[in-house]
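1. Quick one, fold the following:
(chains A, B and C)
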Amino acid sequence: MRFPLSWEMNMKNYTQIKDLPNLSQTIKEAILLKMNPFGFQDLGKHKTLVMLFFNSSLRTRLSTEKAAKNLGMEVMILNVNDAWNIEFEDGTVMNGNSSEHIKEAAQVISQYADIIAVRAFPTLQNKAKDESEYILNNFKKYATVPIVNMESATAHPLQALADAITISELTEKAKPKVVLSWAPHPKALPQAVANSFVEMMQDLEVDFTITHPEGYELSEAITKDTPINHNQVDALKDADFVYVKNWSNYKDYGKILNQDENWMITKAKLGDAKFMHCLPVRRNVVVEDAVLDSEQSVVIKQANNRTYAAQIVLKQILEDL
Amino acid sequence: MRFPLSWEMNMKNYTQIKDLPNLSQTIKEAILLKMNPFGFQDLGKHKTLVMLFFNSSLRTRLSTEKAAKNLGMEVMILNVNDAWNIEFEDGTVMNGNSSEHIKEAAQVISQYADIIAVRAFPTLQNKAKDESEYILNNFKKYATVPIVNMESATAHPLQALADAITISELTEKAKPKVVLSWAPHPKALPQAVANSFVEMMQDLEVDFTITHPEGYELSEAITKDTPINHNQVDALKDADFVYVKNWSNYKDYGKILNQDENWMITKAKLGDAKFMHCLPVRRNVVVEDAVLDSEQSVVIKQANNRTYAAQIVLKQILEDL
Amino acid sequence: MRFPLSWEMNMKNYTQIKDLPNLSQTIKEAILLKMNPFGFQDLGKHKTLVMLFFNSSLRTRLSTEKAAKNLGMEVMILNVNDAWNIEFEDGTVMNGNSSEHIKEAAQVISQYADIIAVRAFPTLQNKAKDESEYILNNFKKYATVPIVNMESATAHPLQALADAITISELTEKAKPKVVLSWAPHPKALPQAVANSFVEMMQDLEVDFTITHPEGYELSEAITKDTPINHNQVDALKDADFVYVKNWSNYKDYGKILNQDENWMITKAKLGDAKFMHCLPVRRNVVVEDAVLDSEQSVVIKQANNRTYAAQIVLKQILEDL
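-> Next up, the predicted model:
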């Protein structure tokens, strides 16, 4: 598999996939890091990562914390909602619930951090507000240190980078076939993981298709000219990698309009493809046990690559500090 | 005091007292560690302990975190209930509250950890479920790294090891008399601490008796042939160490059937014995102030030994990694 | 600006400003630390700071954690209310909600810490109880290691030290004019920050005035002979530094008796003075946007100095261990 060299900027923030200066190089270096995870501890020495959680986290938290420590950084973690409510509007008379404005909050945290990582999910109720990425972008605007996205309203670029690393490691084909398939789920989930996976695949040398029920289109600003196939069985044919993920409806924003069990991924549908999922995954709802318990599932490898995705991102930011 | 050499296996997990390969050696090494706590920092270098709390913790958390750092390890802490609900049943259609199966959870956390420590209390409602140790044992089953028990449904082996260290330090007798006494408490408490203390005493060269009200028998699988005396005053006579602990009823599982204040430990009952308790302890309910405020109380020493109990366990596991 | 040499004792605890052995020297060293924050990492090596939070925290938590790590210390953080309820009364029969007495809690935590930092806000309901500083002082009484105050019922000496550092850095006058001004706020806030600022200014070579609405007097035990002016505009005239802070009523304890918007700080009132605030600050309630967004605001500098205030305090305590 070859990689296009499509980015040229220096790395300052990593809030979206496009922030990576060189994807091909990044993936290669991440795979090297995995063999030598403690080789760059001087880079992070006396540097502090502050991790801010507006929402809870397992994988992202542990893998990002571990990545930072692998690089010799100190890590400080703050669950924002335990601490205070932040005001994001300009010019407000703050006599309500918010006790601090993002202007101060972001600048203050920047005094204690060399890099700030932020996790902030969408409301799934107010599309315009979610798409403005008001939490992440206000941190980017007012912080005086680089910002890393640990999953925002519309994107999860650390997950997508781990996914790209995983695909790179597992294929020898010049252009493997990758399919992103929607699957049912009882709760309304964000589009963030799907969005970033789509954008990442568009930048890799892969044959990429999306399959989902009619009406479940992601934002066209994301999917662009990626082929969409509403026939799941047809889409999955001869796939090398099947990436499965539920998302709530984008047009009728945040709604659950479909829970069709026929969209669950089965061993039969999967064929010889590798099964990918960002986790957590609901067994026998999103995918049947037979898939997850087979050798074709690479979800644990993906989870492991979360560390090296975060580590290569932090490493590149540290190098540019 | 002499120690039997009753364990032979290598140390992989520490979920029960029997996992210790050599108790005598372990206690001796723990006492040496106390004099040189930072002497083995290379052992933990670039190794990570992930501590998972299904229940809150003070002593266990601080002492285990400190033990790991004394050994040069990195520590990452996760309060599980803040993060997500884990499914433990096989074959379930996960369309309810659980968002991740233990199969994935345990394997994923193993990607970020060299050792996983787990704290998970019993329900005190479903005896069979509690005795299956479904949380701890599923982590043991699916994790790919060693598991340490930071108090589970039926056992608290780190506490019992700290207790054994404390007794070893404080006695010069070949076979001191040790009594475990039940005491009243307003809340339903687990049997875990008592269970592990009983098992530990059975393996030490001590004259060991249990005293509790009739009907408050612990599991016979634990007590085996240890003498049980329902007359507390008689049981405590000439004791060298009195270990006090409430537990809820085991037969009528999890119930509080007795709150008899006469079972509270007093200075008069204690005689010349040392008073031991795992803490936290309710003053003037479990034991009167006069005992805790006297020189006979060794509870703070026990708390201090929690660090070295955890440290010697982590050290032995690290040596076998 | 000159500093009086008013303290002579060794540094054991830092629970109040008077605990600093030498304020002048402390401020100078803090400013030097800022240029060389990692210069004393041997001092904290193998030493542990345990931070106990009875109340949530952003700045104090991050800056104190960072300060300790700058000194090479290990840091362990415990949110007390998640863990257990502590009993503070002597002789109680503990059959209620409290599961551990401060006598044990403080001694136990001392087993795992070289220094304990405590944050415990006032009730704002029981004046006598708050003024007894029962949480902080009981830790001081029973802990066997030094105690640092991360904001207690009546004092916030780390904040006041950061404020003194900030004023020292920003003035070249021998005796700058400093004004503490009350401002309105929708919630009942403690007097702690104002109290410690007053005490700190009384010990610096500054021309210091307090302005607040009639009836909003702080404790006379704090203000002593510091001039109080109920005319805000008059008080602010020719000020070099205006420190703004709301506090709830002290006489009619914890009540909000005044929300007069005329007391909000405006650019017009500020003149050429520097604007200071401990943060978090409610924009357009306590102070208008035009002030915070101007060069005259030094609140971010103050927040940055929180790290060096904490670090010089921890450094002095470590040197005396």
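2. Doesn't residue A:130 lie inside a helix?
-> Yes: assigned with DSSP: H, G, I helix; E, B strand; the rest coil, residue A:130 falls within a helix.
3. Give me the neighbour count for it.
-> For residue A:130, the tally of surrounding residues (other C-beta atoms under 10 Å in any protein chain shown) stands at 23. Bear in mind the C-beta positions are built from the backbone N, C-alpha and C, glycine included.
4. What parts of the stretch 51-200 of chain A come near chain B?
-> With C-beta under 8 Å from any C-beta of the partner chain as the criterion, the stretch 51-200 of chain A meets chain B at residues A:56, A:57, A:58, A:59, A:61, A:62, A:63, A:65, A:66, A:69, A:79, A:186.
5. Filter those down to the buried ones and hand me the PyMOL line.
-> What follows is the PyMOL syntax selecting those of those that are buried according to 16 or more other C-beta atoms under 10 Å in any protein chain shown:
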select buried, chain A and resi 56+57+58+59+61+62+63+65+66+69+79
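6. so how far is stretch A:148-155 from its chain's centroid?
-> Distance of stretch A:148-155 from its chain centroid, counting by C-alpha atoms, centre = their mean, to the nearest Å, is 6 Å.
7. State the mean pLDDT of it.
-> Mean per-residue pLDDT for stretch A:148-155: 98.
8. ends of that stretch, how far apart?
-> 11 Å (C-alpha to C-alpha, to the nearest Å).
9. Residue A:52 looks like it's in a strand, true?
-> Yes: the assignment for residue A:52 (three-state DSSP) places it in a strand.
10. so it touches residue A:119, yeah?
-> Yes: using C-beta atoms under 8 Å, residue A:52 makes contact with residue A:119 at a distance of 7.0 Å.
11. I'd like to know the phi and psi angles of the residue in chain A that chain C sits nearest to, please.
-> Going by C-beta to the nearest C-beta, chain C is nearest to residue A:100 of chain A, at 3.4 Å. Here is the backbone geometry of residue A:100 (degrees, to the nearest 10): phi -150, psi 140.
12. mind listing what the residue of the stretch 151-300 of chain A found nearest chain B touches?
-> Of all residues in the stretch 151-300 of chain A, residue A:280 sits closest to chain B, at 3.4 Å by C-beta to the nearest C-beta. Residues near residue A:280 by C-beta atoms under 8 Å, 6 or more residues apart in numbering or on different chains: A:58, B:84, B:99, B:100, B:104, B:105.
13. One more pass at 6 Å, please.
-> By C-beta atoms under 6 Å, 6 or more residues apart in numbering or on different chains, residue A:280 lies in contact with B:99, B:100.
14. Reduced to three states, what does it come out as?
-> coil.
15. With residue A:302 instead?
-> Assignment for residue A:302 (three-state DSSP): helix.
16. if I pick the spatially most central residue of chain A, what's in contact with it?
-> With distances taken as C-alpha atoms, centre = their mean, the residue of chain A nearest its centroid is residue A:156 (2.1 Å). Residue A:156 makes contact with A:192, A:193, A:196 under the criterion C-beta under 6 Å, 6+ apart.
17. Tabulate those (TSV), appending neighbour count, pLDDT and distance to chain C.
-> As requested, these are exported to TSV (neighbours: other C-beta atoms under 10 Å in any protein chain shown; pLDDT from 0 to 100; distance: C-beta to the nearest C-beta, whole Å):
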residue	neighbour count	pLDDT	distance to chain C
A:192	24	98	26
A:193	22	98	29
A:196	26	98	29
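18. List the contacts of the residue of chain A closest to chain C.
-> A:84, A:86, C:280 are the contacts of residue A:100 under C-beta under 6 Å, 6+ apart.
19. For it, which non-adjacent residue is closest in space?
-> Once flanking residues are discounted, residue A:100 sits nearest to residue C:280: 3.4 Å by C-beta to C-beta, 6 or more residues apart in numbering or on different chains.
20. sorry, back to before: distance-wise, check the residue of the stretch 151-300 of chain A closest to chain B relative to residue B:108.
-> 9 Å (C-beta to C-beta, to the nearest Å).
21. The residue lying closest to residue A:293 once chain neighbours are set aside - how many residues pack around it?
-> Once flanking residues are discounted, residue A:293 sits nearest to residue B:103: 7.7 Å by C-beta to C-beta, 6+ apart. Other residues near residue B:103 come to 20 when the count uses other C-beta under 10 Å.
22. thought residue B:103 was touching residue B:142?
-> Yes: using C-beta atoms under 6 Å, residue B:103 is in contact with residue B:142, at 5.2 Å.
23. Residue A:242 belongs to a helix?
-> No: according to three-state DSSP, residue A:242 belongs to no helix; its state is strand.
24. Give me the neighbour count for it.
-> That count, for residue A:242 with other C-beta under 10 Å as the rule, works out to 26.
25. From residue A:265, how far out is the nearest residue to it once chain neighbours are set aside?
-> Leaving out its chain neighbours, the residue that sits closest to residue A:242 by C-beta to C-beta, 6+ apart is residue A:273, at 4.6 Å. Between residue A:273 and residue A:265 the distance is 10 Å, computed by C-beta to C-beta.
26. shared neighbours, residue B:103 and residue B:142?
-> Joint contacts of residue B:103 and residue B:142 (C-beta under 6 Å, 6+ apart) do not exist.
27. related to what we said a few turns ago, let's have the residues of the stretch 51-200 of chain A next to chain B in a markdown table, adding secondary structure and distance to residue B:284.
-> Listed next are these as a markdown table, based on DSSP: H, G, I helix; E, B strand; the rest coil; distance: C-beta to C-beta, whole Å:
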| residue | secondary structure | distance to residue B:284 |
| --- | --- | --- |
| A:56 | coil | 40 |
| A:57 | coil | 43 |
| A:58 | coil | 42 |
| A:59 | helix | 47 |
| A:61 | helix | 42 |
| A:62 | helix | 43 |
| A:63 | helix | 48 |
| A:65 | helix | 43 |
| A:66 | helix | 46 |
| A:69 | helix | 45 |
| A:79 | strand | 37 |
| A:186 | coil | 50 |
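28. Which pair of the residues of the stretch 51-200 of chain A next to chain B spans the longest distance?
-> Between any two of these, the greatest separation by C-beta to C-beta is 35.8 Å, found for A:69 and A:186.
29. residues from the stretch 1-150 of chain A in reach of chain C?
-> A:46, A:74, A:76, A:82-83, A:93-95, A:99-101, A:104, A:107-108, A:111-112 (C-beta under 6 Å from any C-beta of the partner chain).
30. 8 Å instead, please
-> By the rule C-beta under 8 Å from any C-beta, the part of the stretch 1-150 of chain A lying against chain C is A:46, A:48, A:50, A:74, A:76, A:78, A:82-84, A:87, A:90-96, A:98-101, A:103-105, A:107-109, A:111-113.
31. shouldn't residue A:207 be in contact with residue A:175?
-> Yes: assessed by C-beta under 8 Å, residue A:207 is found in contact with residue A:175 at 5.4 Å.
32. Show me whatever sits in contact with both of these two.
-> With contacts defined as C-beta under 8 Å, 6+ apart, no residue is adjacent to both residue A:207 and residue A:175.
33. Look at the closest residue to residue A:155 other than its chain neighbours and give its secondary structure.
-> Closest residue to residue A:155 apart from its sequence neighbours, by C-beta to C-beta, 6+ apart: residue A:196 at 4.9 Å. Here residue A:196 is recorded as helix under three-state DSSP.
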